[in-house]
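J.: return a 3D structure for these sequence lines:
(one chain, ligands or ions: 2)
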Amino acid sequence: MDLFTSSNSLIQIPIPDGELLWLEQLPLGLGNDEVLAQLVAQTAWRAESITLWGKQHLQPRLTAWHGDARYSYSGLDLAPQPFTPLLSEIRQAVETATGHRFNSVLLNYYRNERDSMGMHSDDEAELGPEPAIASVSFGATRTFILRHRHSKQTLKLDLSSGSLLLMRGKTQHFWLHGINKSARQIGPRVNLTFRYIT
Ligand SMILES: O=C(O)CCC(=O)C(=O)O
Ligand SMILES: [Fe+2]
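T.: Ligands and ions are numbered 1, 2, ... in the order given. Reported below is the predicted structural model:
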């Protein structure tokens, strides 16, 4: 049994024009370090190129896409791999914690402090107008930055190992998010964003 039952429900982080909910530790059958090790070792990681302003770049991180649907992400058309038993177990825990269903997951592997993700919103048409996106992190803590498109209000959340962040409602419409590089040494981190593709 979990000793910390009182912290088992999502905490709302109030923001204008969106909904953010957070859970410090997603309940799982494996420890966070074991999950990180398995995800790093068992995932078919890819170094994708991405076209920005007509120029090809290598993304500053590794990625993998698992799910039932095809999905276009900033010009990439990834054929998904099936859910593995470990990814299915994490998905089950995320669905129980959030009350939302998910049919795909994007994995991002930040190998060190030089890996990052530019500011963006997950607003592809296949996600629907008000998508629920559940982000689970394993490994080193990285700072997740949210910036309001209009007011430029900025929030910084330290996403520690095992944590769950749920973005829903109008969050993708009004807010950008990303992960900056750091000048300080940082160990590996794997982030999973669970999505529902229609
Ligand atoms: O690594 C993170 O915390 C963010 C990942 C993300 O924004 C995405 O996969 O769209
Ligand atoms: Fe995102």
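J.: near ligand 1, which residues of the chain?
T.: 106, 108, 117, 122, 135, 144, 159, 177, 179, 191, 193 (C-beta under 6 Å from any ligand atom). All C-beta atoms are positioned from the backbone trio N, CA, C, and that covers glycine.
J.: can we see that at 5 Å?
T.: Proximity of the chain to ligand 1, by C-beta under 5 Å from any ligand atom, involves residues 106, 108, 179, 191, 193.
J.: looking at the residues you listed, which are in strands?
T.: Among these, the members found in strands (DSSP state E) are 106, 108, 179, 191, 193.
J.: can you redo the residues you listed as CSV with neighbour count and pLDDT?
T.: Output for these, formatted as CSV (neighbours: other C-beta atoms under 10 Å; pLDDT from 0 to 100):
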residue, neighbour count, pLDDT
106, 21, 97
108, 21, 98
179, 21, 98
191, 22, 99
193, 18, 98
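J.: hmm, which two among those residues are most spread apart?
T.: The largest distance within these, taken as C-beta to C-beta, falls between 106 and 179 and amounts to 13.3 Å.
J.: wait, residue 181 sits on residue 118?
T.: No. Counting by C-beta atoms under 8 Å, residue 181 does not reach residue 118; the two are 10.4 Å apart.
J.: in this structure, what residue is nearest ligand 1?
T.: residue 191 (3.3 Å; C-beta to the nearest ligand atom).
J.: the longest helix in the chain is where?
T.: Looking across the chain with DSSP state H, the single longest helix is helix 85-98.
J.: quick one: residues in contact with that one.
T.: With contact meaning C-beta atoms under 8 Å, 6 or more residues apart in numbering, helix 85-98 is reached by 8, 10, 21, 23, 26-30, 35, 38-39, 42, 66, 83, 100-102, 105, 132, 134, 136, 164, 166, 192, 194.
J.: inside helices: which ones of these?
T.: Secondary structure from DSSP H places 35, 38, 39, 42 of the contacts of helix 85-98 in helices.
J.: how about these in CSV, adding pLDDT and neighbour count?
T.: CSV is the format used below for the ones in helices among the contacts of helix 85-98 (pLDDT from 0 to 100; neighbours: other C-beta atoms under 10 Å):
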residue, pLDDT, neighbour count
35, 98, 23
38, 98, 17
39, 98, 23
42, 97, 13
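J.: from those residues, pick the one nearest residue 55.
T.: Within the ones in helices among the contacts of helix 85-98, proximity to residue 55 (C-beta to C-beta) peaks at residue 39, which comes in at 30.7 Å.
J.: how near is the closest one to residue 100?
T.: Look at residue 39 and residue 100: by C-beta to C-beta, to the nearest Å, they are 21 Å apart.
J.: what sits against residue 117?
T.: If you count contacts by C-beta under 8 Å, 6+ apart, residue 117 has them with 60, 61, 108, 110, 178, 179.
J.: what bridges to it?
T.: Beta-bridge pairing for residue 117 (DSSP bridges): residue 179.
J.: now for the chain, the helix or strand with the poorest mean pLDDT.
T.: Ranking every helix and strand in the chain by mean pLDDT, DSSP states H and E puts strand 71-73 at the bottom, with a mean of 56.
J.: how many residues are close by residue 166?
T.: By other C-beta atoms under 10 Å, 24 other residues sit near residue 166.
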